[in-house]
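Peer 1: this one's structure only:
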Ligand SMILES: [Zn+2]
């Protein structure tokens, strides 16, 4: 599936829809109109959000793109952002062009947009980019925001848990944190210039001190990103090392970066791309950067769709559960676990392999699932059984379980429709299902020998628990 996009893209590379010139840097008004026009002309797939307002009152915009956008369907979500350093402009134009490409060719990208939601913020620091501009032209762009703060050092540090730059949290920083925590992205990428390299977490630590739990996944993503670059000279993305991929802290250690904040505090793995050695390439070189980069920008969307995802609900009420922790045993560390959102939806990007995954939330019994990933997406929907459901056996429901001890199956006889779950002695749920009134046969052949608790709960919340022994 991955290759299909690359072929489609090759055909589409020069097809653009909105008469934007791609060999110039936009004026502020041109940029704003570009975003507004595309949103208006593509209401079925686009929503234009304002992430926030800069200190000098400029808009920080984000285009959200997916099919059936008004339905707000639960999908894996990707966030692209550029030019948080106001004088690093290559990525901003690439992202405008990405918006243009996706919307002008939406039929060709229908399958992609059915599967994922893409958020694109071309200019993250408009006061830095349009610094001292009275006519809307980019004249004296600077790295900093209007308070002369480096926004890529202004996030909460993952080691000190404070702003390690000693500065107040800037309005732009706060707006990005709020927006991200509201939208709960599953992967993100932050575009810079000044070098040419794919930089992954953590920025705060050298790899000899601490590595990310998904380091190999980041390495694989970086290699595939570099491999998809269209560069005949063979020199692009070689200015830091020969692979073009580096662990952030091994390049140089910084505190308070957006990448680390997103990865650690927002549970959203983020990559920093340095796109050009020139901070601001000559405008007539911008089409060349698009040729080099456009396929690689889509590699992230492939990786977003490689992992397991699903919805977690309450087994009694069917309610979608927010804030369920999804943690991979013997793998996750340093905040690499993920959580469900307000729709009960989660998406965990992960390499191929077999994982033991624990789903947990206060007030519910843990559930452990073995998940085998062979590439692509696995959908794993989970029901968590609430603890402390009121018990009033005689009045509401009666159930018998036999034989005890049991071997490959148990019989559960109950007087009305119910659900059951079987938990091991660590209270981790191992299997569950539906019971009809009368005698039901439940297969327990895959369980190890031992003692288990069977929980039977009816629609009105009545709970019966019984111990069984599996031989
Ligand atoms: Zn930068």
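Peer 2: Looks like it arrived, so ask away. All figures in this text were calculated on a predicted structure; none of them were measured in a lab.
Peer 1: Spell out which residues of the stretch 151-300 of the chain are next to the ion.
Peer 2: residue 192 (C-beta under 5 Å from the ion). The C-beta positions use only the backbone N, C-alpha and C, and glycine is treated the same way.
Peer 1: if you set the cut-off to 8 Å instead, what comes out?
Peer 2: Proximity of the stretch 151-300 of the chain to the ion (C-beta under 8 Å from the ion) is limited to residues 152, 192, 193, 194, 272, 274.
Peer 1: check contacts around the residue nearest to the fourth one when sequence neighbours are not counted.
Peer 2: Excluding the flanking residues, the one nearest residue 194 by C-beta to C-beta, 6 or more residues apart in numbering is residue 279, at 5.3 Å. When the contact criterion is C-beta atoms under 8 Å, 6 or more residues apart in numbering, the partners of residue 279 are 87, 88, 89, 193, 194.
Peer 1: contacting residues for the closest residue to the ion within the stretch 151-300 of the chain?
Peer 2: Nearest residue of the stretch 151-300 of the chain to the ion (C-beta to the ion) works out as residue 192 at 3.3 Å. Neighbour list for residue 192: 82, 84, 85, 88, 91, 152, 272, 273, 274, 275 [criterion: C-beta under 8 Å, 6+ apart].
Peer 1: where's residue 322, which helix or strand?
Peer 2: Following DSSP states H and E, one finds residue 322 outside all helices and strands.
Peer 1: Correct me if wrong: it contacts residue 341.
Peer 2: Yes - counting by C-beta atoms under 8 Å, residue 341 is a contact partner of residue 322 at 6.4 Å.
Peer 1: What pLDDT is listed against the residue nearest to residue 194?
Peer 2: Listed pLDDT for residue 279 reads 96.
Peer 1: if we can go back for a sec, rebuild the residues of the stretch 151-300 of the chain next to the ion as a markdown table, extending it with secondary structure.
Peer 2: Shown next, in a markdown table, are these (DSSP: H, G, I helix; E, B strand; the rest coil):
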| residue | secondary structure |
| --- | --- |
| 152 | helix |
| 192 | strand |
| 193 | coil |
| 194 | coil |
| 272 | strand |
| 274 | strand |
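Peer 1: Adding pLDDT and distance to residue 78 as columns, could you present the residues you listed in CSV?
Peer 2: Formatted as CSV, those follow (pLDDT from 0 to 100; distance: C-beta to C-beta, whole Å):
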residue, pLDDT, distance to residue 78
152, 98, 20
192, 98, 18
193, 98, 21
194, 97, 24
272, 98, 15
274, 98, 19
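Peer 1: Residue 322 and residue 341: which has the busier surroundings?
Peer 2: The neighbour comparison of residue 322 against residue 341 (other C-beta atoms under 10 Å) goes to residue 341, with 21 against 15.
Peer 1: Return the backbone torsion pair for the more buried one.
Peer 2: For residue 341, the backbone dihedrals (degrees, to the nearest 10) come out as phi -100, psi -170.
Peer 1: That one contacts residue 184, correct?
Peer 2: Yes - under the criterion of C-beta under 8 Å, residue 341 makes contact with residue 184 at 4.4 Å.
Peer 1: Not including adjacent chain positions, what is the nearest residue to residue 95?
Peer 2: Nearest non-adjacent residue to residue 95 (C-beta to C-beta, 6+ apart): residue 122, at 4.2 Å.
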